[in-house]
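Peer 1: Pasting the sequence and the predicted model now:
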Amino acid sequence: MNTESPLVPAPTVAEQLLRLCADAGVRYIFSNLGSDHPAFISAFARLQQAGLPMPEVVVCPHEMTTLSAADGYAMVTRQPQLVLVHVDVGTQNLGASVHNAARGRIPAIVVAGLSPVSCDPSVLGHRNEYIHYTQDTSRQSDIVAPYMKWMYELRAPDMVEPVARRALQIASSSPRGPVYLTGAREVWDAPAPAVREQPDHWRPSALGGLPPAEALALHEALCRAKRPLVITSYAGMDPGVPPRLVDAADRYGLGVLELGPQYVSFPGSHPCHLGYQRNVLVDEADLILLLDVDVPWLASQVTPHADATLFHIDVDPLKTDLGYWHFPAQGRFQASAAQVLAQLLALDAAPALAGRAQRLEWVAAAKERVALRIPPAPTQGPITPAELTRAVRELVNDKTVVLVEAPSHATLIASVLKTDRPGGCYLNHGAGLGWGINAAIGVKLASPESEVITLVGDGCYLFGVPGSAFWVAGACGAATLTVVYNNGGWRSPRHSTALVHPDGPAERHDRYWVASGQGVKFEALAEATGAALGFAVQDRAELASTLRSALEAVRGGRSAVVNVQLAPITSQSLLPSTAQGDQP
Ligand SMILES: Cc1ncc(C[n+]2csc(CCOP(=O)(O)OP(=O)(O)O)c2C)c(N)n1
Ligand SMILES: [Mg+2]
């Protein structure tokens, strides 16, 4: 063992944290540095010079990239990475990525410095710049408090090891989530104590299955059911789920709906897959098994049949991070879906098989009824989202990982791609736009052999700070393909307005103020980083060949962005040349 392994004291607390994390398997530190980080920057340099293990530093021009890339990495590996940001302002710039990590149950260790407090020049790291006064907000962690699974200030150098281990342990325990660690500049630069703990005493806690009687009750209910429906969106977070859910669906004859599938939980082409649409079949099923899902239907749109038997099994069944939340269930359990499925499969198959044919009949008929009818490509007019997605599907192979952040096209995209392979497709489970092009970096770093294709709305693309995302992708060799569903703005807020005011003035006059980014050359933004190739296409005759050329560039090691022009969602212009004449 190297004499400077984590078992001997590091020169500083910051270095000890890096070494402990490296030792625990953390591969990357997605960072955006500032005046709070001299101890970290010195530690990076010293560890590098000494040839000692440390997480690889990925410098990110914008904080949205840091946590979103860690998010993508964790979706593939379920492993937390380090995110290093600058005091209050860097924490604020994490922005929506904090919400996404929380809602996605993403393990990540977010570390932010605190301004130094000492004014004594003999104290290493003391206050010596004016910003140390203005950045010393009294409640820095409040900025992210509603979203963090755990927060702690490293108050004394002595604590670095147990605090680092506890941060890793909490972030990695089910339900996983981000944690936030702070420490004043002097603390990070203080000498580190010796490492004392045994790493295997700090393993994450794991969830079990159901109490045996409850597993039996669920099994019996499934055997009695005639129209059983499973609804899931993130059960596939546990790689043990997809094969067992297939076995259970085959054995009992269960229909499975995947809603906003954060992970692939069930193969899209399986005969029991009932698609990706919310609010369907809920009122028809006589048994509903909610399996790792946050919003199984919209209570204002549909309710389960009064006689339905309702079970809910979830890593996080009460969603205590959410405000108002309730979906009915007679049996609700915090449990591992993979283990519950294994329990069911270990029970007597005969009664399950007895009613299976009848259940499968319902599944087949239901599938036909709720199938999303996807129109064929027109011969004229702009490229449609459906034909674009079909063209993307042509690029998919065994190595493809698709990331989807296309708000108003997400159901269509899932329905066209019908991803079979676990790990073949990921969605942001949060609502903070800008995730996709940054998460792609983490996905590619976590699985260098994969071909990552990110499907984004034009709005999501801009929210993702493309100048940061593509520069980082270039700097760390994480080349991916991005396809922009460019409908000239934000279709989603328009849709929301039309849902509330279907005949309102906005609808009557086509005035929505959603043509954000109108006319932007999205591909050029990526190209300007010097790390990506840009393509633009509006002619359907060139769509397939352009996508293929872009993918070839990615295979050659360069990121590529294809800006695909779809029909614009509004005739309103927000550009100055026409704005005056644009008033209704
Ligand atoms: C950070 C953030 N800001 C604003 C919103 C509100 N919002 C939801 S969807 C959407 C539009 C996204 O535009 P685009 O990616 O082009 O998708 P489209 O709606 O056109 O399909 C907006 C602004 C949000 N969810 N997150
Ligand atoms: Mg759009």
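Peer 2: Happy to help now that I have it. These numbers were taken from a predicted model, which means no experiment stands behind them. Residues are numbered from 1 along each chain as shown. Ligands and ions are numbered 1, 2, ... in the order given.
Peer 1: wait, is Leu322 part of a helix?
Peer 2: No: counting by DSSP: H, G, I helix; E, B strand; the rest coil, Leu322 is not found in a helix; it is coil.
Peer 1: From Pro178, how far off is it?
Peer 2: Leu322 is 16 Å from Pro178, where distance means Cβ to Cβ, to the nearest Å. Any C-beta I mention is one placed from the backbone N, CA and C, and that applies to glycine too.
Peer 1: So for the two, which sits in the more crowded spot?
Peer 2: Legend: neighbour count by other Cβ atoms under 10 Å for Leu322 and Pro178, higher for Pro178 (32 against 12).
Peer 1: Next up, the contacts around the most centrally placed residue in the chain.
Peer 2: By Cα atoms, centre = their mean, the chain has its centre lying nearest to Asn428, at 3.7 Å. Contact analysis of Asn428 by Cβ atoms under 8 Å, 6 or more residues apart in numbering lists Asn100, Gly104, Gln262, Glu405, Trp435, Gly436, Ala439.
Peer 1: The closest residue to ligand 2 within the stretch 251-400 of the chain - nearest residue in space that isn't next to it in sequence?
Peer 2: At 9.9 Å from ligand 2, Pro385 is the closest residue in the stretch 251-400 of the chain, using Cβ to the ion. Excluding the flanking residues, the one nearest Pro385 by Cβ to Cβ, 6 or more residues apart in numbering is His409, at 4.8 Å.
Peer 1: For Ala536, see how far away that neighbour is.
Peer 2: Distance, His409 to Ala536, by Cβ to Cβ: 19 Å.
Peer 1: who has more neighbours, those two?
Peer 2: Neighbour count, other Cβ under 10 Å: between His409 and Ala536, His409 has more, with 23 against 17.
Peer 1: so what's the more buried one up against?
Peer 2: His409 sits next to Pro385, Thr389, Leu455, Gly457, Tyr485 when contact means Cβ under 8 Å, 6+ apart.
Peer 1: before we move on, what about Thr419?
Peer 2: Going by Cβ under 8 Å, 6+ apart, Thr419 touches Val264, Pro267, Gly268, Val402, Cys425.
Peer 1: redo that, cut-off 7 Å
Peer 2: Applying Cβ atoms under 7 Å, 6 or more residues apart in numbering to Thr419 gives the contacts Val264, Gly268, Val402, Cys425.
Peer 1: Can you tell me which of the residues you listed are buried?
Peer 2: Val264, Gly268, Val402, Cys425 (16 or more other Cβ atoms under 10 Å).
Peer 1: could those residues be laid out in TSV, adding pLDDT and secondary structure?
Peer 2: Shown next, in TSV, are these (pLDDT from 0 to 100; DSSP: H, G, I helix; E, B strand; the rest coil):
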residue	pLDDT	secondary structure
Val264	98	coil
Gly268	98	coil
Val402	99	strand
Cys425	98	strand
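Peer 1: and the gap between the nearest residue to Arg421 once chain neighbours are set aside and ligand 1?
Peer 2: Using Cβ to Cβ, 6+ apart and skipping residues adjacent in sequence, the residue nearest Arg421 is Val264, 6.7 Å away. As judged by Cβ to the nearest ligand atom, to the nearest Å, Val264 and ligand 1 stand 22 Å apart.
Peer 1: contacting residues for Val264?
Peer 2: Val264 neighbours (Cβ under 7 Å, 6+ apart): Gly236, Pro242, Thr419, Arg421, Pro422, Gly423, Gly424, Cys425.
Peer 1: gap between the residue nearest to the centre of the chain and Leu360?
Peer 2: 34 Å.
Peer 1: Same question for Trp150.
Peer 2: From Trp150 across to Leu360, the span is 45 Å (Cβ to Cβ).
Peer 1: Please apply the same query to Thr182.
Peer 2: According to Cβ to Cβ, Thr182 and Leu360 sit 55 Å apart.
Peer 1: Of the two, which one has the most company?
Peer 2: When neighbours are counted by other Cβ under 10 Å, Thr182 and Leu360 differ, and Thr182 comes out ahead with 21 against 18.
Peer 1: CA atoms of the host helix or strand of that one as CSV?
Peer 2: Using DSSP states H and E, Thr182 maps to strand 178-184. C-alpha atoms of strand 178-184 as CSV (Å, rounded to 0.1, in the frame of the first residue of the first chain):
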residue,chain,number,x,y,z
PRO,A,178,-28.1,14.5,-2.5
VAL,A,179,-26.3,15.8,0.6
TYR,A,180,-24.7,19.2,1.2
LEU,A,181,-21.5,19.7,3.1
THR,A,182,-20.0,23.0,4.0
GLY,A,183,-16.9,24.1,5.8
ALA,A,184,-15.1,27.4,6.4
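Peer 1: Just the endpoints, please. Distance across stretch 418-428?
Peer 2: 17 Å (Cα to Cα, to the nearest Å).
Peer 1: Residues of this protein that sit close to ligand 2?
Peer 2: Gly457, Asp458, Gly459, Asn487 (Cβ under 5 Å from the ion).
Peer 1: List the contacts of the first one.
Peer 2: Applying Cβ under 7 Å, 6+ apart, one finds that Gly457 lies in contact with Glu405, Ala406, Pro407, Tyr485.
Peer 1: gap between the third one and Leu291?
Peer 2: Between Pro407 and Leu291 the distance, using Cβ to Cβ, works out to 25 Å.
Peer 1: more neighbours, those two?
Peer 2: Of the pair Pro407 and Leu291, Leu291 is the one with more neighbours under other Cβ under 10 Å, namely 26 against 19.
Peer 1: returning to that earlier point: now the next helix or strand after the strand holding Thr182: mean pLDDT?
Peer 2: Proceeding N to C from strand 178-184, the next assigned helix or strand is helix 185-188, under DSSP H and E. Helix 185-188 comes out with an average pLDDT of 98.
Peer 1: try stretch 301-313
Peer 2: 98.
Peer 1: now do stretch 551-571
Peer 2: According to the model, stretch 551-571 has a mean pLDDT of 98.
Peer 1: From one end of that stretch to the other, what's the distance?
Peer 2: First residue to last in stretch 551-571 (Cα to Cα) measures 33 Å.
Peer 1: buried stuff in that stretch?
Peer 2: 551, 553-554, 559-566, 568-570.
Peer 1: CSV for those residues, including distance to Ala531?
Peer 2: Formatted as CSV, the buried residues of stretch 551-571 follow (distance: Cβ to Cβ, whole Å):
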residue, distance to Ala531
Leu551, 17
Ala553, 11
Val554, 12
Ser559, 6
Ala560, 11
Val561, 11
Val562, 16
Asn563, 17
Val564, 21
Gln565, 24
Leu566, 26
Pro568, 29
Ile569, 30
Thr570, 32
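Peer 1: Just those residues: which are in helices?
Peer 2: Leu551, Ala553, Val554 (DSSP state H).
Peer 1: would TSV of these with distance to Val295 be doable?
Peer 2: Below are those laid out as TSV (distance: Cβ to Cβ, whole Å):
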residue	distance to Val295
Leu551	34
Ala553	38
Val554	34
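Peer 1: Could you find the closest non-adjacent residue to Phe266?
Peer 2: Leaving out its chain neighbours, the residue that sits closest to Phe266 by Cβ to Cβ, 6+ apart is Val256, at 4.6 Å.
Peer 1: how would you label that neighbour: helix, strand or coil?
Peer 2: Classified using three-state DSSP, Val256 is strand.
Peer 1: What's the end-to-end length of stretch 265-279?
Peer 2: 19 Å.
Peer 1: ok, so of the buried residues of stretch 551-571, who is nearest ligand 1?
Peer 2: Ile569 (6.3 Å; Cβ to the nearest ligand atom).
Peer 1: The closest one contacts Ser492, doesn't it?
Peer 2: No: look at Ile569 against Ser492 with Cβ atoms under 7 Å: they stay out of range, at 9.5 Å.
Peer 1: hang on, the earlier thing: could you list which of the residues of the chain next to ligand 2 belong to helices?
Peer 2: Filtering the residues of the chain next to ligand 2 for helices - DSSP H - leaves Asp458, Gly459.
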